[in-house]
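Undergrad: everything below, folded, please.
(2 chains)
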Amino acid sequence: MNERREPLFLERESYRQRRTVDAARLLPILGFLALCLPILWGRGGDEGSRVTSVGVIYLFGVWIVLIVSAMILSRRLRRIETEQDDID
Amino acid sequence: MLSFNILIAVCLAYVVALFLIAFVADRRARRGQLGWLRSPLVYTLSLSVYCTAWTFYGAVGYAARSGLEFVTIYLGPTLVMVGWWWILRKLVRIGRSQRITSIADLISSRYGKSNLLGVIVTLMAVIGTTPYIALQLQSVTVSFAVFAQDRSGGAWGASDLNATALWVAAGLALFTVLFGTRNLDANERHYGVVTAIAAEAVMKLFALIAVGVFVVWGVADGAGDILARIDTSPIADWDMKPGRWVSLTFLSAVAFLTLPRMFQVMVVENVDERHLATASWAFPLYLFLMSLFVVPIAVVGLDLLPAGSNPDLFVLTVPLSQGRDGLAILAFLGGFSSATSMVIIAAIALSTMVSNHIVMPIWLSMAHQGATVSGDVRQVVLVSRRISIAVILALGYAYFRVSGGGAALAAIGLISFVGVAQFLPAMLGGIFWRGATKVGAAAGLLTGFALWAYTLFLPSFGGSFILPVSVLADGPFGIGWLRPQGLFGVSGMDPLLHALFWSLALNTIAFCVGSLSSFPKPQERLQGAQFVNVFDHNPNSQGWFGGVVEAEDLLVMAQRILGPEQAQGLFTRAAERQGKAGFLPDTSPEFLQRLERELSGSVGAATGHAMIGQIVGGSSVSVDDLMAVADETAQMMEYSSQLEEKSAELGRTARQLREVNEKLTDLSVQKDAFLSQISHELRTPMTSIRAFSEILRDGGVTGRERKKYATIIHDETIRLTRLLDDLLDLSVLENGQVKLNMRTVDLYDVIERSVVSAGIDGRMRFKRASSGEHVSVMTDPDRLSQVFINLIANACKYCAADAPELQIKVRTAAGVVEVDFIDNGAGIPAKSQPLIFEKFSRLGDHRAAGGAGLGLAICREVMSNLGGSVDYLPGQGGAAFRVSLPNERRSSVGVNHS
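TA: Residues are numbered from 1 along each chain as shown, chains lettered A, B, ... in the order given. The predicted structure follows:
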């Protein structure tokens, strides 16, 4: 309880919390854009073309980045939710 | 070669294991040993009902046909889960705080507990889900057929397939009835089922990964080899259709939110909101793992198996072709798990909707006596649910038989997705937009559903059901722009995208227009506010007002729905909270609301509302009630503001009293001081008079001495007389008995006279502006000059400057003439300033002053008798006094008065 009372810490903390929520809201939008990016790739046969094997690596790469980001965010968000419940 | 009987035995053993898991979990839950049953892991795994047999087998087939596009079906849900803070968090909170039992209940409850909407959503869900159930039955039978074929070398006949499907459907119905309708749980959670689903989730993931690992490291030569094989396979070129890519991602995201079975596991079965935080990354991870090996299996399957073999079954046929029978059985169990978990949850979700929104309302309206009198409601609900489950599975089976399996059924997955996607506008509008109304929701749902049926569902039969081929080709009555797959002249579009676009677009438009143009009922607006602002408000809705209800009637009804123990517990707790003993609490609005919510948890919001309505007398919220509440609130607010005012007034009075008390105490101290002062002042001259008169009486003094003593006696007598005169004067002035000789005079004359008679010693220099002093005032000149003389004499006496000077300034302002006397001395210290007008107050050595300290007190009394005042003027450099007196016109009034 005591360390929470420190005003400087609290302010910093609540600021961080809001930005975490912002990040959580932003993540699916960024994810959607990243997953739609292959649309802009060239046709098969061209340089940098849409090849399934490259697509597999790209899509699963984006996917795992999304999962890891969501995991990091969810830890912080769960703490925020718990605190809010305490206030309620 | 694998014996078919072994397969049957393994399959049965697996089913028995599932029953055991469900049974144990259920028993633990009922004993309250929730423990790991409530863990985020179980929650996450239960979400995997999203991955049906269609995705388990179908994904590989999809990948073999159109490359990477299959992954969109998983990407949509991933985005929804990753973005849980947007929608899912709110949905789960609403679901928990409002005791929502299904997606139909959510929509019905949001729009004023409307049963009409409940019925619409239920029917749409049943129509959209039944083919999907048929698809699961098909996948199970087809996978059985693979093994049967393998064994006998000959294909299964249609009758064998149908018999298998029937058995599977019957088994699933049994399982669902046993564990899905075991009890009428107030919060509609099925621990047994959910745990079994979680076990199945592990099973299917394990199976798919096992096959994948075998393919990559058993058949192929590791990841690099697989990538090389992809490059040489028929799907090496990624034939991406951007429209389909984006739309399918969107569609799967929407379906993830609106599928009745997803809503069931995600919202209804959620035991802790924080599990969502874990699931937000864990479920995408699950999907990631589920799709990781899809492309390798597809590529290897295309490579190994003869052309023309069904790619949907690669998961089974690849291990079989390599002689890995154990692996094939594992894969079979994975597919079996996918199919059964979907069917079980879908059947539970649909049966809840059917019994709450269709059967119960009908039963209630048929039982005219009302809920209190007729049979056991609890039993009715359970029986109706069991029958619903059986009917839904029977419908699925019938659909399977009618459609005859095959390709038409395989396409049904996405068709079903588009069907349930129609719930989206009503759902999202309901939780984010307070202006959404029942009319809008109904209009949107019906429009979307009709368009879905017309542009996608009916055409999927290829002209064999309701819509003939001619309509498909040329439109109804030959109207080309109404062609089901080319509405309004849009042609050349993928039929699925065409249907998705038109149905959702028109659905949304109808929803918005309907909402904007209609006016919601009070109940609807209240619910709307509660849903939209679920994070701001306490979970607490207005519902029932002052109905005259017997608590006993309510108890009788609640017992029938919740069961005697639970109902009695609820009533006892409520009574305790109200401070009463026994089972019957007062039927306060809060209690009715609570009870309604409990009932809603069992039979849905609309039915719960209707049942209480029957007993309370149909009095839900009317505008009058709201007005009454508002009125009451206004009264209370007014009352409290009055109280506040009163208490402020009390505070003021107390402060005044305190000040008066302080003043009285001061006065009493002053009075004592005055008495002791006056005795002292009288005593000092009297002592010297007595002493010198005794000397004179005794004789023996020279003439010169006698004269000296007599002079002293005389002086002291004069001093005494002066003191007594002053005292008398003050007393007369204070009592207002003074006689004033009022006349109009020139102020200059009064000042002149005062300066002459006071400034006798000539040491003091006067600074005056004579021109400003010619002001005529109505006053008593003798009294006024008495004040002036006093002030001037004081200045002469106390001004300690080396070259003392006194400035006299006269000013006329706003009907008042002000005369300032400002010297250049040290002034009066701030702390003494309030005291100088008090009687006998002298600063410093009073001998030096040679007066009794009554001068300024008299001045003040004189000025107040003259209708003016004399004040100390701080901040002028030296001691400064301001005499204010009314000018001629005003003082004439004041004179008569005095």
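
Undergrad: where's B:R811, which helix or strand?
TA: Per DSSP states H and E: B:R811 is located in strand B:805-813.

Undergrad: now do that strand: which elements does it pack against?
TA: Other elements packing on strand B:805-813 under the criterion 3 or more C-beta pairs under 8 Å, 6 or more residues apart in numbering or on different chains; DSSP states H and E are helix B:747-758, strand B:765-768, helix B:781-798, strand B:816-823. For every residue, glycine as well, the C-beta is placed using N, CA and C.

Undergrad: which stretches of chain B form strands?
TA: Assigned by DSSP state E, chain B shows strands spanning B:743-746, B:765-768, B:776-779, B:805-813, B:816-823, B:869-872, B:880-886.

Undergrad: tell me which of the helices and strands packed on strand B:805-813 sits nearest to chain A.
TA: Judged by C-beta to the nearest C-beta, the one of the helices and strands packed on strand B:805-813 that comes nearest to chain A is strand B:816-823, at 52.7 Å.

Undergrad: contacts for that closest one?
TA: Under the criterion C-beta atoms under 8 Å, 6 or more residues apart in numbering or on different chains, residues B:747, B:751, B:775, B:777, B:788, B:791-792, B:795, B:799, B:801, B:804-812, B:868, B:873, B:876-887 lie in contact with strand B:816-823.

Undergrad: just stretch B:446-464 next, same as before
TA: Among residues not part of stretch B:446-464, those counted as contacts by C-beta under 8 Å, 6+ apart are B:120, B:124, B:127, B:408, B:411-412, B:415, B:418-419, B:422, B:425, B:465-467, B:469, B:471-472, B:484-485, B:487, B:495-496, B:498-499, B:502-504, B:506-507, B:509-510.

Undergrad: mind listing what's buried along stretch B:131-144?
TA: The neighbour-count criterion (16 or more other C-beta atoms under 10 Å in any protein chain shown) identifies B:131-144 as the buried residues of stretch B:131-144.

Undergrad: can you report how many residues neighbour B:I387?
TA: The local packing count at B:I387 equals 16, with neighbours defined by other C-beta atoms under 10 Å in any protein chain shown.

Undergrad: domains of chain B?
TA: Here the domain parsing of chain B from automatic domain parsing is B:4-418, B:423-541, B:546-619, B:625-734, B:739-897.

Undergrad: show me the shaky parts of chain A.
TA: Low-confidence segments of chain A (pLDDT under 70): A:1-11, A:42-50, A:83-88.

Undergrad: report the longest helix in it, please.
TA: Selection of the longest helix in chain A by residue count, based on DSSP state H, yields helix A:52-87.

Undergrad: how close does B:I8 get to chain A?
TA: Distance of B:I8 to chain A, given as C-beta to the nearest C-beta, to the nearest Å: 38 Å.

Undergrad: give me the number of residues near that residue?
TA: The local packing of B:I8 (other C-beta under 10 Å) involves 12 other residues.

Undergrad: check A:R18 too.
TA: The local packing of A:R18 (other C-beta under 10 Å) involves 10 other residues.

Undergrad: strand partners (parallel or antiparallel) of the strand holding B:R811?
TA: According to DSSP bridges, the neighbouring strands of strand B:805-813, each with its direction, are strand B:765-768 (parallel), strand B:816-823 (antiparallel).
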